[in-house]
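Chemist: coordinates only, sequence not included:
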């Protein structure tokens with residue numbers, strides 16, 4: 001009885017706050033007029049239709065950016081996932097840690113890679129990056145700028161660089177943030193130079209506005225680091241066996 005009471009006391013805040021969140025989600029939903037939902041595209045259905053109708057375009061290419069189609073980006077992504085899997089299997093046999101991960105993380109990495117690439121391609125296919133009515137980036141642009149650095153950080157998180165640098169594992173956060181910040185800044189610089197200076201166009205589809213660029217850098221370096229590092233630590237450092 002005492003044990004049951006302790007368990008109820010332990011989980012009571014979880015049930016309480018979960019109930020409050022469910023109620024608030026319901027209120028959030030009904031406060032929108034029906035027309036707001038009717039005018040919102042069914043992004044999930046469109047995404048599913050895209051990957052069913054055009055699986056090769058969804059998973060075996062990456063069309064993105066102002067500089068045209070970056071058609072081979074998927075190859076290093078999938079290659080690094082395969083490298084992680086191979087190093088994990090070899091390490092298990094030789095009882096060595098070539099990369100610090102486990103089976104749960106490998107499954108997560110495969111699913112994240114497939115989703116991030118196909119979602120990026122669906123967004124490009126449907127033109128979800130730009131909202132012509134607002135003459136501003138579309139809000140799907142926000143999600144693609146989160147999922148791409150999230151995947152990049154997840155791919156590099158298992159690399160045990162601290163072994164060679166004499167760091168503590170917690171400095172992985174700094175390494176991934178620095179890497180994602182450099183990638184985000186380099187991308188934004190390239191986009192601005194390409195669109196504004198090299199190939200100015202009357203159509204603003206990829207014009208790099210300063211505030212939009214800052215938003216992309218924050219999502220790429222900040223949110224990308226938090227997602228990739230936090231999930232890595234939960235799946236590998238807190239749960240399951242290490243490789």
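Modeler: Received, thanks. As the structure is a prediction and not an experimental result, all values here were calculated from the model.

Chemist: Mark out where each domain of this protein begins and ends.
Modeler: What automatic domain parsing lists as the domains of the chain is 1-40, 41-238.

Chemist: Tell me where this structure has helices.
Modeler: Shown for the chain, the helices assigned by DSSP state H span residues 2-31, 34-38, 43-53, 55-59, 74-94, 103-126, 140-156, 162-165, 172-192, 210-217, 224-232.

Chemist: Using CSV, please lay out these together with mean pLDDT, mean neighbour count and distance to residue 238.
Modeler: In this view, the C-beta of every residue, glycine as well, is placed from N, C-alpha and C. Below are the helices of the chain laid out as CSV (pLDDT from 0 to 100; neighbours: other Cβ atoms under 10 Å; distance: least, Cβ to Cβ, whole Å):
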stretch, mean pLDDT, mean neighbour count, distance to residue 238
helix 2-31, 86, 9, 18
helix 34-38, 79, 8, 39
helix 43-53, 92, 13, 30
helix 55-59, 90, 14, 31
helix 74-94, 88, 15, 18
helix 103-126, 91, 19, 11
helix 140-156, 88, 21, 16
helix 162-165, 66, 11, 18
helix 172-192, 84, 17, 14
helix 210-217, 80, 15, 30
helix 224-232, 91, 20, 10
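
Chemist: Rebuild those as CSV, extending it with distance to residue 133.
Modeler: Formatted as CSV, the helices of the chain follow (distance: least, Cβ to Cβ, whole Å):
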stretch, distance to residue 133
helix 2-31, 22
helix 34-38, 14
helix 43-53, 17
helix 55-59, 27
helix 74-94, 32
helix 103-126, 15
helix 140-156, 14
helix 162-165, 49
helix 172-192, 23
helix 210-217, 16
helix 224-232, 29
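
Chemist: Pick out the residue nearest the middle of this structure.
Modeler: residue 147 (2.1 Å; Cα atoms, centre = their mean).

Chemist: how close does that one sit to residue 224?
Modeler: 9 Å (Cβ to Cβ, to the nearest Å).

Chemist: Same question for residue 42.
Modeler: From residue 42 over to residue 224 (counting by Cβ to Cβ), the distance is 27 Å.
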